[in-house]
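Asker: sequence and predicted structure, then a few things I'm wondering about:
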Protein chains: 4
Amino acid sequence: MRYFGTMSAREKIPVAVLGATGAVGQKFVRLLVNHPWFEVGALAASQRSAGRPYAEAVSWKQPSQIPLDIAEMTVQSCWAELNCPIVFSGLDSSVAGKLEQEFARRGSWVFSNAKNHRMDADVPLVIAELNSEHLQLVPLQQEKRGWHGAIVTNANCSTIILALSLGPLQQRFGLKRVQAVTFQAISGAGYPGVPSWDVLGNVVPYIAGEEEKIESETQKILGGLGKGRIDSAPIRISAQANRVPVEEGHLQCVSIEFHDPPSQQEILKCWRDFGGLPQQLELPSAPPEPILVCNQPDRPQPRLDIHAGKGMSITVGRLRPCPVMDFKYVVLGHNTVRGAAGASILNAELVEATAGREG
Amino acid sequence: MRYFGTMSAREKIPVAVLGATGAVGQKFVRLLVNHPWFEVGALAASQRSAGRPYAEAVSWKQPSQIPLDIAEMTVQSCWAELNCPIVFSGLDSSVAGKLEQEFARRGSWVFSNAKNHRMDADVPLVIAELNSEHLQLVPLQQEKRGWHGAIVTNANCSTIILALSLGPLQQRFGLKRVQAVTFQAISGAGYPGVPSWDVLGNVVPYIAGEEEKIESETQKILGGLGKGRIDSAPIRISAQANRVPVEEGHLQCVSIEFHDPPSQQEILKCWRDFGGLPQQLELPSAPPEPILVCNQPDRPQPRLDIHAGKGMSITVGRLRPCPVMDFKYVVLGHNTVRGAAGASILNAELVEATAGREG
Amino acid sequence: MRYFGTMSAREKIPVAVLGATGAVGQKFVRLLVNHPWFEVGALAASQRSAGRPYAEAVSWKQPSQIPLDIAEMTVQSCWAELNCPIVFSGLDSSVAGKLEQEFARRGSWVFSNAKNHRMDADVPLVIAELNSEHLQLVPLQQEKRGWHGAIVTNANCSTIILALSLGPLQQRFGLKRVQAVTFQAISGAGYPGVPSWDVLGNVVPYIAGEEEKIESETQKILGGLGKGRIDSAPIRISAQANRVPVEEGHLQCVSIEFHDPPSQQEILKCWRDFGGLPQQLELPSAPPEPILVCNQPDRPQPRLDIHAGKGMSITVGRLRPCPVMDFKYVVLGHNTVRGAAGASILNAELVEATAGREG
Amino acid sequence: MRYFGTMSAREKIPVAVLGATGAVGQKFVRLLVNHPWFEVGALAASQRSAGRPYAEAVSWKQPSQIPLDIAEMTVQSCWAELNCPIVFSGLDSSVAGKLEQEFARRGSWVFSNAKNHRMDADVPLVIAELNSEHLQLVPLQQEKRGWHGAIVTNANCSTIILALSLGPLQQRFGLKRVQAVTFQAISGAGYPGVPSWDVLGNVVPYIAGEEEKIESETQKILGGLGKGRIDSAPIRISAQANRVPVEEGHLQCVSIEFHDPPSQQEILKCWRDFGGLPQQLELPSAPPEPILVCNQPDRPQPRLDIHAGKGMSITVGRLRPCPVMDFKYVVLGHNTVRGAAGASILNAELVEATAGREG
């Protein structure tokens, strides 16, 4: 399997960011600055932004300056020929569907944060540490669709955080039932996103479509590679999604039931020992420890713990027996890094590194 | 059964507030202003406050002025003879245990919001609409302890809100298992309570002792009156308690499993039809509808819905099937009114009204 | 001067609310429920809402239920004939200009919260307690424009709160220079208003057009009635406007300089003694004390003090000498009650009551 | 002038942190990790903490892990002999006075963030870029007090941010009058600091002692080195201090009046061109640009701009004419970095570098 050409030690791979002026797009830009393998070769956004310098077109809302060389790049239309073998999509779902297909058709590998193609049978939904074997769907996808490029998706922000904490347990012990209640940060809704009147000093116990995504995407990620498709993991999952007045970081209260419950110590060890291909390959965005276990009784907390592993580690805590299921615990992750842009980039690194090995 | 004398139509019953300068005490004071049956006859607090006018001793933190006649009352020591047949206790648990016993010994009926005596076998833990029959423990308590007065407790703020939503379902259909994840307001921790550095833009997934209280107190409230004690309801309950940056109002995401599941419509009807003795007797603090069902998909919300029934109604919403248990829903209540001071006052009204009828 | 007919003791005056589904419109609706003189006769909004029941057309964001009889009213188009002698305008400024003129032309008295006509030479900008004599512009306005109706405006939310604190001092002692720095609540921006990402845990030191409004509107309100126009008060005013993560209540830090400085005690007495026509006439929405002086060193505070006088009193505190000007103090008011809908209603009551007296 | 010995290229100078478990102490620890010149040689705190490993003694509240080698250090008593030539004091003012003197007496240079000695006539109050010449008070201090060590203080967090923006203007153009209204983050109050009930969704328009500190400390910093003392700058300054629900970053709205007003462009240029000894010497903690000028109309904002210059730059914006004074603008700085621990460290670097040059 050969992906998109040999990576030279000297030349970085030009990548495009679609939806570059949006909240996820800005995060892509921020994470790609000084990336050792990739360099931003194109920024694309809506017609309204096209033709303008990025610094003018964007309403930059990150707690840092716009990188200087990026600031002066001219934003292109998302329909333009961008000539980048790798494309990161932070597009809104209203336009992502067709645009991503078009880029894949033209030969780019599209690493997408949009929801549109996640549940397509021939599209891998990947957490790089967990189910890299799902990338084997790609040749089928290319053949079926007649593409030279491909679409690889990452999951919804809450799903990634939950699934990353469940994955090692599922692989090692076998899960039966999962309940998750989320406390989601406002950044997950993009910009302008949640009106302050709705969320300041308040909780909104509803996020449209979120619970369904968490339930079905988790089953796909934890599922096995079947005949030309993923067989969803036979785990019953129930999610309850809530918005809270937190800036960054999705926290979840999780209850789990196993077919054959391990001990509390075995679970902790399983999390602590966990690592995947990204760690073995020492990919640039891979955190040394994808799952951190914290011991303080009142942690993890969004404000204190989201930066673990530069935003790419999740943190679990408070593992304890559950009177109703087997165990309950708290998990936290950085929703716009591990849960969005960082996940896409890590997937791209994984594909690139694997190609390098096999090419 | 005769409680504390006939209520005259013309004379209000003098009541004392213990811990009157604290957060719960302030709420008692606020709710007792213009009460049709009760009038504040004594305000008691620690030695530091004793002897000073209330307006000076208290650091008033309510969004209203201190009632004028209350402002000038002299705060007494909690060990003083207060000469009030009814005593409301907003005491801290570090001192509530002995003080409440002392008042009961001297002949007062103590309606307590403190945790100390809630789980005592001979002390009723009462939600007025749900388990008023638990008040039948009082004669046993009096006999056993040699008291003329009594201690009647109300539950933890989260417990009351959860149990009030579960009670009608348990009575009507029989519950098997319950999972509750709380989103608790800062007011639940009193004053100074939670440091702003811990909770601003953050979630703290831990409240010391809270989960155990929710689990055990709910079982007692929903339990049946046995031989001189309450037999805990055989429901498996698991709680996960969290602090969120909300000022007032505890919201909970709940999943429930029945022995024999009713339909969604039956549950909604059960909640809508629910009422108890307080509603039949039209007690002053009884909300016409103890449980409000809201239909908007994103409600209840703390900021918009806590004032329902003047803070004495809980609001449920989002009832829907649960892939793991039978149903899941959201419940919200005003933690310092229905969940604390208002609950105690309603219990006192219930006792008073029942006595009136029987005396 | 006869305004809009005799008010019968038995019949309430039908009033229309323009922009009834918006944030200010909702506040009008809430404040008009059970009004002793007025009743909501028409609700008007954009074409999108017209024809639908109010409860369906509105995204109700108030911390209370929609009043039942209002909920079922059919929303009308703002261009419809509404047949109400009094019209309250909560319209967005993009449409308020022409629509308000149209209603005045047809014979209604329009009490407007929109900015469009505030600075028109023949339109009174009224704080009922301060400058009711500015209503004498109305006959000129009617004559000049050939209207039977009229437009009466109230000021920007920050302006009203500031000007109400300055007015008595200006009338009594004569002000020379004023500096005001505002801490404005998010509700002032309407709905959806300020994105949560911008304001959660943050301060935005800019509100478009706000500083200019505070400066010029205050000068007009405090100005004198000249020949067919208002002569702006010759006070130099500098405003700095900021958005803070507060739900309701605009707080301001003010510094003032007099031509001939009074003592601190004289200022306090001036504020405490202050009242105007609304208090003399005991208008329904008039607070008994328009200006409350609080003594605690750390007050007023938005969350604790906005409800003073049912939201119609402002609260001043911390008056102290200023090393740069003469004195400095803090003032707080409820921005959507005294600063918006409540101000319009009080103006209407004033006009109505005056007409009653003179008619 | 020789300070505390030659700095070897290979050996770092051991420094002690007093009050190491407190909020400021934690920030010192965080900023000193990987410092090129200093290494943490001792951590000292109260008796309660002494003898315990730092990781146990501290309630770590920083958004990062405790540095590993620091975590295992044993906390010492503040009265112990710490054997560090440089001591950073994050002590509470209740104990800082005597302890800092004791360390100076024993021969250490104490760089203190406490308020106790700031206004002592022989103690320099230093912003490294602005008034390094005030360090010439040290020999007088040593002689007068008979010390080998010294006390060098930095100002209150709000003062540093304000004074750093005023300093270049004072040096270049001469200021006459200044008004500053602060929006201060909760981190400025330490831990537990401000109760969440006081500040969530609220503004507290009072911080005890803060306004006086801002006024007098600014005058001392901007003052000239006289005969054995600092002659306060003859600028009239008025401060109004407020707490807002922001985590980190003090923002201020400032109005200024000059003796002979420069143009707006001259002020901007003066800020942009500003630098001091720390920039010339390229001190490790010195930001390349101590004052950043931002052009967006709604900036600086705490959440977006505090990290400028790694927290050591202040950001100014919105410079515009003031109808009452000459100009008004907004300034923001990181209150616990530039406004506290970072300021002390920069002062120590300056002293060290100067010694190195002269030694």
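Answerer: Structure's in. What do you need?
Asker: the closest residue to chain D within the stretch 101-250 of chain A: what's it in contact with?
Answerer: Taking CB to the nearest CB as the measure, the stretch 101-250 of chain A has A:G201 as its residue closest to chain D, at 4.5 Å. (C-beta placed from N, C-alpha, C; glycine too.) A:G201 sits next to A:245, B:245-247, B:302-303, C:247, D:200-201 when contact means CB atoms under 8 Å, 6 or more residues apart in numbering or on different chains.
Asker: next: A:A80.
Answerer: If a contact means CB under 8 Å, 6+ apart, then A:A80 has A:42, A:44, A:50 as its contacts.
Asker: the helix or strand encompassing the first one packs against which elements?
Answerer: Going back to what we said before, that points to A:A42. A:A42 belongs to strand A:38-45 when assigned by DSSP states H and E. Contacts of strand A:38-45 with other secondary structure elements, assessed using 3 or more CB pairs under 8 Å, 6 or more residues apart in numbering or on different chains; DSSP states H and E, are made with strand A:13-18, helix A:23-32, strand A:76-77.
Asker: contacts for the longest one, please.
Answerer: Residues external to helix A:23-32 that are found in contact with it (CB under 8 Å, 6+ apart): A:15, A:17-20, A:38-40, A:43, A:45, A:58, A:60-62, A:64, A:66-67, A:70, A:88, A:90, A:113, A:187, A:190-191, A:193, A:285, A:336-337, A:340-342, A:344-345, C:197.
Asker: now, those residues that are in strands?
Answerer: Where these overlap with strands, as defined by DSSP state E, the overlap consists of A:15, A:17-18, A:38-40, A:43, A:45, A:88.
Asker: make JSON lines out of the residues you listed and add neighbour count and pLDDT.
Answerer: Written out in JSON lines, the entries for these read as follows (neighbours: other CB atoms under 10 Å in any protein chain shown; pLDDT from 0 to 100):
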{"residue": "A:V15", "neighbour count": "25", "pLDDT": "97"}
{"residue": "A:V17", "neighbour count": "32", "pLDDT": "98"}
{"residue": "A:L18", "neighbour count": "30", "pLDDT": "97"}
{"residue": "A:F38", "neighbour count": "22", "pLDDT": "96"}
{"residue": "A:E39", "neighbour count": "16", "pLDDT": "96"}
{"residue": "A:V40", "neighbour count": "23", "pLDDT": "97"}
{"residue": "A:L43", "neighbour count": "26", "pLDDT": "97"}
{"residue": "A:A45", "neighbour count": "24", "pLDDT": "96"}
{"residue": "A:F88", "neighbour count": "31", "pLDDT": "98"}
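Asker: quick one, what contacts the residue lying closest to A:I161 once chain neighbours are set aside?
Answerer: Sequence neighbours aside, A:G333 is the residue nearest to A:I161 in space, at 3.5 Å (criterion: CB to CB, 6 or more residues apart in numbering or on different chains). If a contact means CB under 8 Å, 6+ apart, then A:G333 has A:157, A:160-161, A:164, A:249-250, A:306, A:313-315, A:339 as its contacts.
Asker: among those, which are in helices?
Answerer: Judged by DSSP state H, the contacts of A:G333 include A:157, A:160-161, A:164 as members of helices.
Asker: report the buried members of those residues.
Answerer: Neighbour-count burial (16 or more other CB atoms under 10 Å in any protein chain shown) is assigned, among the ones in helices among the contacts of A:G333, to A:157, A:160-161, A:164.
Asker: need those residues in CSV with pLDDT, can you?
Answerer: Written out in CSV, the entries for these read as follows (pLDDT from 0 to 100):
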residue, pLDDT
A:C157, 98
A:I160, 98
A:I161, 98
A:L164, 98
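Asker: ok, so of those, who is nearest D:Q171?
Answerer: Distance from D:Q171 was checked for each of those by CB to CB. The minimum falls on A:C157, at 49.9 Å.
Asker: thinking that closest one is in contact with A:H250, fair?
Answerer: Yes. With contact defined as CB atoms under 8 Å, A:C157 and A:H250 form a contacting pair (6.0 Å).
Asker: dihedrals phi and psi, the residue of chain A most remote from its centre?
Answerer: Of all residues in chain A, the one whose C-alpha sits farthest from the chain's mean C-alpha position, using CA atoms, centre = their mean, is A:P323 at 32.3 Å. Per-residue torsions, A:P323: phi -60, psi -20 (degrees, to the nearest 10).
Asker: now it. Nearest residue, chain neighbours left out?
Answerer: On the basis of CB to CB, 6+ apart, the spatially nearest residue to A:P323 that is not a chain neighbour turns out to be B:S238, at 4.5 Å.
Asker: host element of the one you found?
Answerer: B:S238 belongs to strand B:236-240, assigned by DSSP H and E.
Asker: below-threshold pLDDT in the stretch 251-359 of chain A: ranges please.
Answerer: When the per-residue scores of the stretch 251-359 of chain A are filtered using pLDDT under 70, the ranges that remain are A:356-359.
Asker: check which helix or strand whichever residue of it sits closest to chain C maps to.
Answerer: Across the stretch 251-359 of chain A, the shortest distance to chain C (CB to the nearest CB) belongs to A:R303, at 9.2 Å. Counting by DSSP H and E, the element that carries A:R303 is helix A:302-305.
Asker: touching that helix from outside, list them.
Answerer: For helix A:302-305, the external contacting residues (CB under 8 Å, 6+ apart) are A:183, A:185, A:246-251, A:294, A:299, A:315, A:332, B:201-203, D:61-63, D:247.
Asker: how far does that helix sit from the chain's center?
Answerer: In terms of CA atoms, centre = their mean, to the nearest Å, the centre of helix A:302-305 is found 19 Å from the chain centre.
Asker: and that helix, which residues are buried?
Answerer: In terms of neighbour count (16+ other CB under 10 Å), helix A:302-305 has its buried residues at A:302-305.
Asker: could you pick out the residues of the stretch 251-359 of chain A near chain D for me?
Answerer: A:303-308 (CB under 8 Å from any CB of the partner chain).
Asker: check the stretch 1-150 of chain A too.
Answerer: That would be A:61-65, which are the residues of the stretch 1-150 of chain A within reach of chain D (CB under 8 Å from any CB).
Asker: let's see that with 7 Å instead.
Answerer: Taking CB under 7 Å from any CB of the partner chain as the criterion, the stretch 1-150 of chain A approaches chain D at residues A:63-64.
Asker: turn the helices and strands packed on strand A:38-45 into JSON lines, including distance to B:Q26.
Answerer: Supplementary listing: the helices and strands packed on strand A:38-45 in JSON lines, determined by distance: least, CB to CB, whole Å:
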{"stretch": "strand A:13-18", "distance to B:Q26": "54"}
{"stretch": "helix A:23-32", "distance to B:Q26": "42"}
{"stretch": "strand A:76-77", "distance to B:Q26": "61"}
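Asker: selecting buried members of the contacts of A:A80 in ChimeraX, what would you type?
Answerer: In ChimeraX syntax, the buried subset of the contacts of A:A80 is picked out as below (16+ other CB under 10 Å):
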select /A:42,44,50
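Asker: pLDDT at the residue of the stretch 1-150 of chain A found nearest chain D, what is it?
Answerer: In the stretch 1-150 of chain A, the residue found nearest to chain D is A:P63; the distance is 5.2 Å by CB to the nearest CB. Residue-level confidence at A:P63 comes out at 89, pLDDT.
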